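Novice: structure for this input, please:
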Amino acid sequence: MPEELPRRGTDPMYLLLTEGRADEFNRRRKAGEAFDLRSANLRGLDLRALDCAGLDLSNAYLRQADLRGLDLGTAKLEGASFHAARISGVLFPRGLDASEILMSVQLGTRVRYR
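Specialist: Predicted structure coming up:
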């Protein structure tokens, strides 16, 4: 039986992001509060204040999200989709090929690592 992911609509940490409260998310994360953003729908959110160090965003849906300037270098992004996301100045993980990022932003494909 596959592992069930938490219901996003009731997860307090997820709700902080949907409410534009990334600073509060960062504070509570640093304090050790549990959260799970795998397969999260982060469509259209302004995430520029999010501390992404070590985040697991695998299979996350980031369509039209504002990610400008984020350091995603240590984030897990396998299967994430960045269709029409704003990615200027984003540092992506070394193992993620630029062509994967480009196809995801332009076509909505899910990124794969080599």
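
Novice: poorly predicted segments of this protein, please.
Specialist: 1-8 (pLDDT under 70).

Novice: burial measure for residue 86, as a count.
Specialist: By other C-beta atoms under 10 Å, the residues close to residue 86 number 18. For glycine as for every other residue, the C-beta is placed from the backbone atoms N, C-alpha and C.

Novice: excluding chain neighbours, what is closest to it?
Specialist: Leaving out its chain neighbours, the residue that sits closest to residue 86 by C-beta to C-beta, 6 or more residues apart in numbering is residue 66, at 4.7 Å.

Novice: shouldn't the one you found be in contact with residue 49?
Specialist: No. With contacts counted by C-beta atoms under 8 Å, residue 66 stays clear of residue 49, the gap being 10.1 Å.

Novice: apart from its chain neighbours, what residue comes closest to residue 44?
Specialist: Among residues not flanking residue 44 along the chain, residue 64 sits closest, at 4.6 Å (C-beta to C-beta, 6+ apart).

Novice: residues touching the one you found, list them.
Specialist: Listed by C-beta atoms under 8 Å, 6 or more residues apart in numbering, the contact partners of residue 64 are 43-44, 83-86.

Novice: what does residue 20 give?
Specialist: By C-beta under 8 Å, 6+ apart, the residues touching residue 20 are 45-46.

Novice: is the residue nearest to residue 86 bridged to anything, and to what?
Specialist: Beta bridges link residue 66 to residue 46, residue 86, judged by DSSP bridges.

Novice: burial of it, as a residue count?
Specialist: Neighbourhood size, residue 66 [other C-beta under 10 Å]: 16.

Novice: distance of residue 16 from residue 94?
Specialist: To residue 94, residue 16 is 29 Å away according to C-beta to C-beta, to the nearest Å.

Novice: more neighbours: the two, which one.
Specialist: Using other C-beta under 10 Å as the criterion, residue 16 and residue 94 rank with residue 16 on top: 20 against 9.
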